[in-house]
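[1] Just need the structure, nothing else, for what follows:
(one chain, ligands or ions: 1)
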Amino acid sequence: MRALAARLAGSPRITVVTGAGVSAASGVPTFRGAGGLWKSHRPEELATPEAFDRDPLLVWEWYAWRRELVAKARPNRAHEVLAAWSRRYPEFRLVTQNVDGLHERAGTQNVTRFHGSLRTLACHRRCAGSSPDGWEHEGPLSELPPRCPHCGGIARPGVVWFGEPIPAEALRAAAQAVNCDVFLTVGTSAVVYPAAGLLLEAAARGAFTVEINPDATPATRGVDLALAGPAEEVLDRVERTLPGE
Ligand code: BJW
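    Here you go, the predicted model:
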């Protein structure tokens, strides 16, 4: 705890990569491990283009359920501390794998969304009339699957599924963000690439690397400091250890 607090003194360049565990205390289920199942389907198997082609309604029911759940969720202490850091440290960057928008709702600045957003929809056929980046849709969906307003075809969630490329702008931002002094990986199982590879890239550039997670992951043995515990508790303790806080 104190080792990290010491590293945060003097306005270092800080990069944080977050995963589903950061939102667990907000009531948003993680993908893997206990509580990851939805109606006996494994989330990893629903988050694929193949699953969507096979059964778009089933996949949309899962996303509609998550959209409703996230709309009711509130940022927790982990989101709040990271938001405070984003305002305090001029060179703070956050790359999130999460699609729940809770970092943004906590007021975090410099957020890069690596895997898209639950609020965004896109035309499945990428028709010429619709934006390749999709469109924002807040609130409940009036029909499932929802339709593209331009061509009337099926719309898809504006998220990145397995085998799909990370948005070019997010990759560019992440390539910049690995040039940092302190790199934290928080609440992620560190198994999904290329997000999981950012830690290695930051370490290769000399960053002090930290993991915050109650469980061990493939990253744990390689980091300079592993803080075992829930992000909302560990980040709160780090914040209270910082001088002047
Ligand atoms: C707590 C906690 C608390 C609990 N506090 N912590 C290199 C090697 C091997 C494979 C690949 C590779 N490069 C690419 C691949 C393939 C693939 C991949 O990584 N596969 C591996 C699984 C084997 N990657 C891809 O396909 C990616 N695309 C790609 O590489 O494209 C290349 C390409 C280029 C050009 C053209 C075409 C292609 C895309 C990956 C997309 C991932 N998508 C998902 C779904 C997003 C939409 C949605 O939300 O529905 O992203 S899958 C899912 O996993 C989601 C997450 O963002 C992601 C990571 O999960 P995360 O966040 O780590 O959650 P969990 O549940 O795994 O872990 C939670 C953790 O929290 C646990 O550790 C808990 O202990 C912890 N925790 N409570 C702190 N209170």
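[2] Please count neighbours and contacts with C-alpha atoms only from this point.
    Will do.
[3] What does residue 77 show for phi and psi?
    The phi and psi values for residue 77, taken as degrees, to the nearest 10, are phi -60, psi -30.
[4] Tell me who's in contact with it.
    232, 233, 235, 236 (C-alpha atoms under 8 Å, 6 or more residues apart in numbering).
[5] gap between it and the ligand?
    10 Å (C-alpha to the nearest ligand atom, to the nearest Å).
[6] Would you mind naming what in the protein lies close to the ligand?
    Residues of the chain found near the ligand (C-alpha under 6 Å from any ligand atom) are 19-22, 24-25, 30-32, 44, 47, 97-99, 115, 159-166, 187-194, 213-215, 230-231.
[7] Make CSV out of the contacts of residue 77 and add neighbour count, secondary structure and pLDDT.
    Listed next are the contacts of residue 77 as CSV, based on neighbours: other C-alpha atoms under 10 Å; DSSP: H, G, I helix; E, B strand; the rest coil; pLDDT from 0 to 100:
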residue, neighbour count, secondary structure, pLDDT
232, 22, helix, 98
233, 14, helix, 98
235, 22, helix, 98
236, 16, helix, 98
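[8] Which positions in the helix or strand of the chain with the lowest mean pLDDT come out as buried?
    Counting by mean pLDDT, DSSP states H and E, the weakest-scoring helix or strand in the chain turns out to be helix 43-46, with a mean of 89. For helix 43-46, the neighbour count (16 or more other C-alpha atoms under 10 Å) marks 43, 46 as buried.
[9] try stretch 8-27
    For stretch 8-27, a neighbour-count test (16+ other C-alpha under 10 Å) marks 8, 13-26 as buried.
[10] same check, this time on stretch 212-220
    212, 213, 214, 219, 220.
[11] what are the ranges of the helices in this structure?
    Applying DSSP state H to the chain gives helices spanning 2-7, 43-46, 49-54, 56-72, 77-88, 102-105, 168-177, 197-204, 231-241.
[12] I am finished for the moment; much appreciated.
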